[in-house]
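Trainee: Sequence and predicted structure, then a few things I'm wondering about:
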Amino acid sequence: MSTPLVSLTNAGKSYPQLDALKSVTMHLNQGEVMGLFGHNGAGKTTMMKLILGVISPSRGKVEVMGMAPDSKEAWHCRSKVGYLPENVSFYEQLTGLEVLTYFAKLKGFAKGNAKKHAIVLLEQVGITHAMKRPVKTYSKGMRQRLGLAQAFIGEPKLLLLDEPTVGLDPIATRDFYQTVDQLKSNGSSVILCSHVLPGVEQHIDRAMILSTGQLLAMGTLAELRQQAALPVAIKPFGLNGSVANDSTLNGFLTANCPNTLLVPEQEKIKVLKQLLSHEGLDDLQVETANLEQVYQHFLSKHELSLPEKKHEQGAQG
Amino acid sequence: MRQILTVANKEFHDGLRNRWLISITLIFALLSLGLTYFGAAASGAVGVASLSTTVASLASLAVFLIPLIALLLSYDSFVGEQESGTLLLLLTYPLSKSQLLLGKFIGQGSIIALATLLGFGSSAILLYFQLGDIQVLTSFSVFIFSAILLGLSFTAISYLISLSVSEKSKAAGFALITWFLFALAFDLALLALLVGVENGISQAGLTQLMMLNPADIFRLVNLSGLDSSDVNGALAVAINASLSQAQLFTALLAWVALPLTIAIFIFKRKKL
């Protein structure tokens, strides 16, 4: 626990035409699940490639398990890293089992073990029934499961998953998160990369929000909520207009949602107590800002801070 | 080494699964059997033609076919995996770029080599039983060995193409152009140089120019041993100033090693 599993120090990557990733500093501890959020082209994949050692940073330092991932010494660590790329279509003519066996062999499994391990993984992602069929007959969800099974080869210490739940049905998504939780309890660290997706919140320890190669925010969800200072939405039922007459409450009402109170986090309890003192109250709905709202908040704040000329260009276009 | 073999094994099985091995072998076997039996048809007789005629006609066919087949087999081996995303994935594995490239080369090279051996070997054995001449086997082993090297050389060249472009369709186009240049245009240019420019080029100079084309080296290897009566054109000139068989094989080997080395170099610098 003393040294972080992954650490980026002012790491960035530039290509001739573009700064794919500006300066990012982050640490990932053992057994931690990090959510990495950002729109397309925000630098998520570049950051993953840096951590994987497929590309070298243009500046700053990247360390995985105490070594630079693009160096020769880090070679043997690679079998302890699992990766699910965003767009991958496996060898169409091979069967699922053959694909997985091939990758397991490349991760250092001996011939017989590779096949056994592959079958276990296929069971885990639930496509054993199709393992003897060529991949070209697979549906999108089955391909995604095969990709996940590939990432799970060899019980990785570090998992990087790019859009892991795309194409998965709700049950498969639930199974997937169960696997993530299980890996986490075994001490693996996971980086989940995604557009904001519902349901991810309870499975991640911390979140990172990237936009145009810049780190906008990082922290636990509670911290991010606090930073964003987004209000809690409280929706009382059965009060029939008495809220509007209550001087301590009507300040929280807004024009576009007349039945909902938007309350800052620190005033929540006070407002709730006040609401409970009203006789007619039937029911209450309390909604704290979800990940999506937090994400939207940071993105729009970032867009406002962009240089003026960009807005002008937008206006002209 | 284990990693190289794993990749090679997969590529070889791909070749089996796609029916590459069987179809190349069949093409070679049919062609060589046909040429062996009907090669003399032009002179009015059906039956086994002379050894030198057979080898000469086989060589002039193989020089077109083998490069084409090798290019077709391997032009997409990197750009194809890049498009499907598996190349990036493979490189996050404990597998170096040169291991991946050599593995592919061994796997696909074995397909070409085995097909050449089986396809042409079958007619060698047939001819041997017909003629009962040990000379058949020696001529054919030179032919088959050089044909394998020619195939490997164009496999390596197609890796160069596959690693230099970013789209599969472009790779196919470049492969076709490469084939056209080496198999057809190069010889035409040489011929034009010989005929068009008087005293423009010496025999030795011509032979040296031919070293720039693996297909021509292959021709030289196979035709220099034969009666020159069966050979004509630019080659006949070159053969008179011929290099030794060993030198020619060395040049052919260089045409395997050099593109392969450059391909590794390009791969290492390739951005993903």
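Mentor: Happy to help now that I have it. Numbers count the residues shown, from 1 in each chain, chains lettered A, B, ... in the order given.
Trainee: Which helix or strand contains residue 22?
Mentor: You didn't say which chain, so I picked chain A. strand A:18-28 (DSSP states H and E).
Trainee: Hmm, no, I was thinking of chain B.
Mentor: Counting by DSSP H and E, the element that carries residue B:22 is helix B:20-38.
Trainee: What residues sit buried inside that helix?
Mentor: B:20-21, B:24-25, B:28-29, B:31-33, B:35-37 (16 or more other Cβ atoms under 10 Å in any protein chain shown). For the C-beta atoms, the positions are set from N, CA and C on the backbone; glycine is no exception.
Trainee: closest to chain A among these?
Mentor: residue B:20 (11.7 Å; Cβ to the nearest Cβ).
Trainee: Quick check: end-to-end length of stretch A:68-79?
Mentor: 15 Å (Cα to Cα, to the nearest Å).
Trainee: Contacts made by that stretch with the rest, please.
Mentor: Stretch A:68-79 is contacted by residues A:50-56, A:61-65, A:67, A:107-108, A:154, B:92-94 when judged by Cβ atoms under 8 Å, 6 or more residues apart in numbering or on different chains.
Trainee: what's the answer for stretch B:209-219, then?
Mentor: Under Cβ under 8 Å, 6+ apart, the answer for stretch B:209-219 is B:59-60, B:62-63, B:66-67, B:146-147, B:149-150, B:153-154, B:182-183, B:186-187, B:190, B:193, B:201, B:220, B:235, B:238, B:248, B:251-252, B:255.
Trainee: mind listing which of the residues you listed are in helices?
Mentor: Among these, DSSP state H puts B:59-60, B:62-63, B:66-67, B:146-147, B:149-150, B:153-154, B:186-187, B:190, B:193, B:220, B:235, B:238, B:248, B:251-252, B:255 in helices.
Trainee: Per-residue pLDDT of the nearest residue to residue A:14 once chain neighbours are set aside, please?
Mentor: Leaving aside its sequence neighbours, residue A:14 sits nearest to residue A:58 (Cβ to Cβ, 6 or more residues apart in numbering or on different chains; 4.5 Å). In this model, residue A:58 is scored at 89, pLDDT.
Trainee: returning to that earlier point: any of the contacts of stretch B:209-219 buried? List them.
Mentor: Buried members of the contacts of stretch B:209-219, counted by 16+ other Cβ under 10 Å: B:59, B:62-63, B:66-67, B:146-147, B:149-150, B:153-154, B:182-183, B:186-187, B:190, B:201, B:220, B:235, B:238, B:248, B:251-252, B:255.
Trainee: if we can go back for a sec, helices or strands next to the strand holding residue A:22 in the packing?
Mentor: strand A:6-15, helix A:44-52, strand A:59-64, strand A:214-219 (3 or more Cβ pairs under 8 Å, 6 or more residues apart in numbering or on different chains; DSSP states H and E).
Trainee: so the very next helix or strand once past that strand versus helix A:44-52, what angle?
Mentor: On the C-terminal side of strand A:18-28, the closest following helix or strand by DSSP H and E is strand A:33-37. With axes from the mean of the first three to the mean of the last three Cα atoms, to 10 degrees defining the directions, strand A:33-37 sits at 140 degrees from helix A:44-52.
Trainee: got the buried residues for strand A:33-37?
Mentor: Neighbour-count burial for strand A:33-37 [16+ other Cβ under 10 Å]: A:33-37.
Trainee: Reformat these as JSON lines; add distance to residue A:253 and pLDDT.
Mentor: Below are these laid out as JSON lines (distance: Cβ to Cβ, whole Å; pLDDT from 0 to 100):
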{"residue": "A:33", "distance to residue A:253": "38", "pLDDT": "91"}
{"residue": "A:34", "distance to residue A:253": "38", "pLDDT": "91"}
{"residue": "A:35", "distance to residue A:253": "33", "pLDDT": "89"}
{"residue": "A:36", "distance to residue A:253": "37", "pLDDT": "89"}
{"residue": "A:37", "distance to residue A:253": "31", "pLDDT": "88"}
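Trainee: Out of these, the closest to chain B would be?
Mentor: residue A:36 (16.6 Å).
Trainee: and the closest one, how far is that from residue B:56?
Mentor: 65 Å (Cβ to Cβ, to the nearest Å).
Trainee: And residue A:33, by the same measure?
Mentor: From residue A:33 across to residue B:56, the span is 70 Å (Cβ to Cβ).
Trainee: So what's the residue count around residue 101?
Mentor: Reading this off chain A. If you count neighbours by other Cβ atoms under 10 Å in any protein chain shown, residue A:101 ends up with 25.
Trainee: oops, chain B please
Mentor: If we define neighbours as other Cβ under 10 Å, then residue B:101 has 23 of them.
Trainee: residues touching it, list them.
Mentor: Contacts of residue B:101 (Cβ under 8 Å, 6+ apart): B:159, B:260, B:263-264, B:267.
Trainee: Give me the subset of those that lies in strands.
Mentor: Using DSSP state E, no member of the contacts of residue B:101 falls within strands.
Trainee: I'd like these laid out as JSON lines, including neighbour count.
Mentor: Formatted as JSON lines, the contacts of residue B:101 follow (neighbours: other Cβ atoms under 10 Å in any protein chain shown):
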{"residue": "B:159", "neighbour count": "25"}
{"residue": "B:260", "neighbour count": "22"}
{"residue": "B:263", "neighbour count": "27"}
{"residue": "B:264", "neighbour count": "20"}
{"residue": "B:267", "neighbour count": "21"}
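Trainee: Which two among these are spaced furthest apart?
Mentor: Maximum pairwise distance in these, criterion Cβ to Cβ, is 10.5 Å, between B:260 and B:267.
Trainee: mean confidence for stretch A:72-84?
Mentor: 85.
Trainee: Revised request: answer the last question for stretch A:199-213.
Mentor: Throughout stretch A:199-213, pLDDT has a mean value of 85.
Trainee: and that stretch, which residues are buried?
Mentor: Of all the residues in stretch A:199-213, those buried under the rule 16+ other Cβ under 10 Å are A:200, A:203-213.
Trainee: which one of the residues you listed sits closest to chain B?
Mentor: residue A:213 (16.9 Å).
Trainee: show me the contacts for that closest one.
Mentor: Neighbouring residues of residue A:213 by Cβ under 8 Å, 6+ apart: A:12, A:19-22, A:42-43, A:46.
Trainee: Quick one: residues contacting residue A:218.
Mentor: Contacts of residue A:218 (Cβ under 8 Å, 6+ apart): A:26, A:206-209.
Trainee: Can you redo those as CSV, where the extra columns are secondary structure and distance to residue A:170?
Mentor: Listed next are those as CSV, based on DSSP: H, G, I helix; E, B strand; the rest coil; distance: Cβ to Cβ, whole Å:
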residue, secondary structure, distance to residue A:170
A:26, strand, 31
A:206, strand, 25
A:207, strand, 22
A:208, strand, 26
A:209, strand, 25
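Trainee: Turn those into CSV, columns for distance to residue A:292.
Mentor: Compiled in CSV, the contacts of residue A:218 are given as follows (distance: Cβ to Cβ, whole Å):
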residue, distance to residue A:292
A:26, 22
A:206, 17
A:207, 11
A:208, 15
A:209, 11
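Trainee: wait, which of those is closest to residue B:208?
Mentor: Closest to residue B:208, out of all of the contacts of residue A:218 and judged by Cβ to Cβ, is residue A:26, at 59.7 Å.
Trainee: Can you tell me how far the closest residue to that closest one other than its chain neighbours is from residue A:212?
Mentor: With sequence-adjacent residues excluded and distances taken as Cβ to Cβ, 6+ apart, residue A:26 is closest to residue A:8, at 5.0 Å. According to Cβ to Cβ, residue A:8 and residue A:212 sit 17 Å apart.
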